[in-house]
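Student: sequence plus the predicted model coming up.
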Amino acid sequence: MGAREFNFDGLVGPSHNYAGLSFGNVASFSNVRSASNPRQAALQGLAKMRALAARGFAQAVLPPQARPNFRLLRRLGFSGTDADVLAQAWREAPVILACAYSAAPMWTANAATVSPSADTRDGRVHFTAANLNNKLHRSEEYAQATRSLRAIFADANRFVVHEALPPTPAFGDEGAANHTRLASAHGAAGVEFFVYGRAEFDPAAPSPKRYPARQTLEASQAIARLHGLSPARTVFAQQNPEVIDQGVFHNDVIAVGNGNVLFYHEQAFADEAGTLASLRTALEDVGAELAPIRVASGEVPVADAVASYLFNSQLLSKPDGKMALVVPHECRENAAVSAYLGQLVASGGPVDELVEFDLRQSMRNGGGPACLRLRVALTDEEAAAMHQGVVMTETLYASLVAWVEKHYRDRIEPKDLADPQLALECAAALEELEALLGLPGLYAPD
Ligand SMILES: N=C(N)NCCC[C@H](NC(=O)CCC(=O)O)C(=O)O
């Protein structure tokens, strides 16, 4: 039975803006209050999807979320007509207004954790939407993410979309940004690798001092239980708290895995040797051998990895058995990273090609190629059973480009969030998108 990895990229929403909402995410903080270009952001994301689909990689799209989040604003005491709510929030709490307008659901690596059917006890594909409770602007994404995933993966015989974990610090969950799957092939049983930043119920465990650890061990363990994963093929490892304090707010900023390859920085994990040993043992259980690609600090310092997003790359298996590394342009602009990449593809190892994209609009908020996609490995039967309207084709690409050009602004500054017209534009865009993707009622209120 054939199986492929679909990358579900987030379609950037019409309110993409820079509000400095993510403490611990260096790019988000440094670009606070600069002007964004939502139209360009969406087109950059679509160009990546189109190019990878054209290469034969399985590519799909996850829709944006309704913004502004009036439910959040009203829950926080802003009242009256929609225009009154926006005006009052702008006057009294512009940061809360920015949270309600955030287009952060574009980073679909944080939408959910996904376990393919080859790994789960009941043989279904399991999804758990991430509660993202570390940041106000992301803390309600799980509701629409759950709804969108249930609409796309509706066949209960093959798919299950769990409720998000309790939204409390003990279960801080950031989805697939801290989860990697290693396997000999996408359809084969694999090892699920969860990386956490802190352990709530173990006060002695090390934790970062400066920036928050967003993912807990307890959340990762709960997901492994919910998804029915085999303990012998599940590895939990702690992220190095020192790199969290240097801006590595998710594991996918310092490591990425695909097939039997783990591409990682030597400082990624609290216990590098122990983590590799656990992965090796677990992989033996599925008859595979770990192929680590270790990047030393002498080759690429952590600061360069964070600035360039070298590890926030997509590692994609090609039909010839080799892998392509999908990187942002920033990797070419960083001397150490560019030199490293030149050696990597010439080394005769598993990665023999670089594919570069201009994703600057997303990068300025701390989102690289890997943040923008959720990996869903599906058998051919499962792929046929999901909703087909989200699969990237030339036709869908052309319709989405026309839709973006019709509805999106090319500039949003902080003051624009107070403009009631922007809210109307966002609503009109999403109403049309439901029809375009063949998902009527996607944004219907609960
Ligand atoms: N690494 C992965 N998988 N995802 C990147 C997420 C970036 C996102 N940025 C933001 O939410 C910035 C929004 C703002 O500041 O306006 C975040 O920090 O959660």
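Tutor: Ah, there it is.

Student: which secondary structure element contains residue 150?
Tutor: helix 141-152 (DSSP states H and E).

Student: how far out from the middle of the chain is that helix?
Tutor: In this view, helix 141-152 has its centroid 14 Å away from the chain centroid, taken as CA atoms, centre = their mean, to the nearest Å.

Student: next helix or strand past it?
Tutor: Going down the chain from helix 141-152, the next helix or strand is strand 159-162, by DSSP H and E.

Student: that following strand pairs with which strands, and in what direction?
Tutor: Taking DSSP bridges as the criterion, strand 159-162 forms sheet pairs with strand 125-129 (parallel).

Student: quick one: contacts of the strand it pairs with?
Tutor: Residues outside strand 125-129 that contact it (CB atoms under 8 Å, 6 or more residues apart in numbering): 111-117, 120, 141-142, 145-146, 149, 153, 158-165, 173, 175, 223, 226-228, 376, 378, 382. (Glycine included, C-beta is placed from N, CA and C.)

Student: repeat that for 7 Å
Tutor: 111-117, 120, 142, 145-146, 149, 153, 158-162, 164-165, 223, 226-227, 378, 382 (CB atoms under 7 Å, 6 or more residues apart in numbering).

Student: what's the answer for stretch 282-299, then?
Tutor: So stretch 282-299 is contacted by 182-184, 188-191, 232-233, 235, 260-267, 276, 279-280, 336, 340, 349-350 (CB under 7 Å, 6+ apart).

Student: filter the contacts of strand 125-129 down to the buried ones.
Tutor: Buried subset of those (neighbour count, 16 or more other CB atoms under 10 Å): 111-117, 120, 142, 145-146, 149, 153, 158-162, 164-165, 223, 226-227, 378, 382.

Student: residue 256 contacts residue 370, doesn't it?
Tutor: Yes. Counting by CB atoms under 7 Å, residue 370 is a contact partner of residue 256 at 6.1 Å.

Student: the two: which has the busier surroundings?
Tutor: residue 370 (26 against 23; other CB atoms under 10 Å).

Student: get me the contact residues on this protein for the ligand.
Tutor: For the chain, the residues in contact with the ligand (CB under 6 Å from any ligand atom) are 18-22, 25, 28, 102, 104, 107, 109-110, 138, 177, 250, 252-253, 365-367, 371.

Student: in helices, which of those residues appear?
Tutor: residue 28 (DSSP state H).

Student: look up how far residue 365 lies from the closest residue to residue 107 other than its chain neighbours.
Tutor: In space, and not counting its chain neighbours, residue 107 is closest to residue 371: 4.2 Å by CB to CB, 6 or more residues apart in numbering. Distance, residue 371 to residue 365, by CB to CB, to the nearest Å: 9 Å.
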